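In: Following is a predicted model, sequence given first.
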Amino acid sequence: MSDTTLTTLQSLESIRQRLLDLSKRNQLLSYKEKVRTVHIVDTPLDKVFNQLVRAGKSMTFAPLPIDMPIDMPKELTMTHVNPEVLSPPLSIPSKSKQENLLHTAHQDEVLERRCKKLAREARTAIEETGSNLLYLAVGFLEWFSDKQTTEPIKAPLILIPVKLERVRFSTVYQYVLSCWDENIETNISLAEKLANDFNLVLPVFSENSEPGQYLAQVAEMAKEIPRWQVVPDIRLDFFSFTKLLMYKDLNSLADNAKLADNANLKQIIGENPPFE
């Protein structure tokens, strides 16, 4: 390998690393709910995955019953994952137990407003960029950046690409969630952060696995650091993977070596003058 090829290869690696934002600005590392977020409760992770992904079926949303408090305390919205046994989700009373229902933490008007906003902005993103940004985040790692930090940071673990549509059923309209025909993503940003800063290997999620099994694997990894834990929460929200896909495309060193020999690429990066 020539010196210029090696230098170009090093430049490519530098570019590749810049595609990853490993700061707390990246919501794949430090997730915060928005006014658009739909919080799913009382719906087993594996059931959601099997319905949307394996069976290819759509699911509709059930609002929080009127007699339930809108601002539920933390212990009513999540439970922690034991690395040996995945705890069952907390049961919140509901009249309907239909297989295609996603129970939410929002009453009717709030749920309608959030679904409307997500559907509209997801459609706009596809029209303007050609990319789907709407994902169902299944399971979160609660981690701390250092020993002094008291507030946990939440990072999504499994990201299922979905589409949200407003569909008429008889005399009423409902928002319907279905799986988008794209790959289910493991959180690459989180994997790099854990490897670089904590010397931990984030397990890779396989579509042959059950979400519950995967979260238990991550919980086993999280035991290495005090206070870290996994929670089986589910959120419907926007996540951007455009730069991460570019990162993955540049991930193969062998392919990079071939690219590094390309005269046009060397010229763009600046290793060669425009003319010789």
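Out: Looks like it came in fine. Numbers count the residues shown, from 1 in each chain.
In: drop to CA atoms for contacts and neighbour counts, all remaining ones
Out: Fine.
In: OK, contacts around the nearest residue to Trp180 once chain neighbours are set aside?
Out: Residue nearest to Trp180 in three dimensions, not counting chain neighbours: Val162, with 4.5 Å by Cα to Cα, 6 or more residues apart in numbering. By Cα atoms under 8 Å, 6 or more residues apart in numbering, Val162 lies in contact with Leu134, Tyr135, Leu136, Leu177, Ser178, Cys179, Trp180.
In: Next one: Val162 from Glu220, what distance?
Out: Computed as Cα to Cα, to the nearest Å, the Val162 to Glu220 distance reads 28 Å.
In: Model confidence for the residue nearest to Trp180, exactly?
Out: pLDDT recorded at Val162 is 97.
In: That one pairs with what?
Out: Cys179 (DSSP bridges).
In: how near is it to Asn199?
Out: 32 Å.
In: same deal with Lys32?
Out: From Lys32 to Asn199 the distance is 25 Å (Cα to Cα).
In: swap in Phe205?
Out: Phe205 is 19 Å from Asn199, by Cα to Cα.
In: can you check Glu112 too?
Out: 43 Å.
In: can you check Ser209 too?
Out: Distance from Ser209 to Asn199, by Cα to Cα: 24 Å.
In: Now the nearest residue to Leu200 once chain neighbours are set aside: which helix or strand?
Out: What sits nearest to Leu200 in space, not counting adjacent residues and going by Cα to Cα, 6+ apart, is Leu194, at 5.2 Å. For Leu194, the host element (DSSP states H and E) is helix 188-198.
In: buried set for that helix?
Out: Using 16 or more other Cα atoms under 10 Å as the test for burial, helix 188-198 gives Ile188, Ser189, Leu190, Ala191, Glu192, Lys193.
In: what mean pLDDT does it have?
Out: Helix 188-198 comes out at a mean pLDDT of 92.
In: before we move on, the earlier item: Phe205 and Asn199 - which one has more neighbours?
Out: Between Phe205 and Asn199, counted using other Cα atoms under 10 Å, the more crowded position is Phe205 (21 against 10).
In: what residues are up against that one?
Out: Applying Cα under 8 Å, 6+ apart, the residues near Phe205 are Ile158, Glu185, Thr186, Tyr214.
In: Low-confidence regions, this structure specifically.
Out: Regions of the chain meeting the criterion pLDDT under 70 cover residues 1-19, 67-98, 241-276.
In: what's the one helix or strand Val110 maps to packed up against?
Out: Using DSSP H and E, Val110 maps to helix 108-129. With contacts defined as 3 or more Cα pairs under 8 Å, 6 or more residues apart in numbering; DSSP states H and E, helix 108-129 has these neighbours: strand 38-40, strand 153-169.
In: Let me see the residues that make contact with it.
Out: 35-38, 63-64, 104, 131-134, 163-166, 175, 237-238.
In: can you rerun that using 10 Å?
Out: 34-39, 61-66, 70, 104-106, 130-135, 162-166, 174-177, 236-238, 242 (Cα atoms under 10 Å, 6 or more residues apart in numbering).
In: Out of those residues, which end up buried?
Out: Using 16+ other Cα under 10 Å as the threshold, 36-39, 61-65, 104-106, 132-135, 162-165, 175-177, 236-238 are the buried ones among the contacts of helix 108-129.
In: how many neighbours does Val167 have?
Out: Residues near Val167, counting by other Cα under 10 Å: 12.
In: same deal with Asp42?
Out: Around Asp42 there are 21 other residues, counting by other Cα under 10 Å.
In: can I assume it is in contact with Ala105?
Out: Yes - using Cα atoms under 10 Å, Asp42 makes contact with Ala105 at a distance of 9.1 Å.
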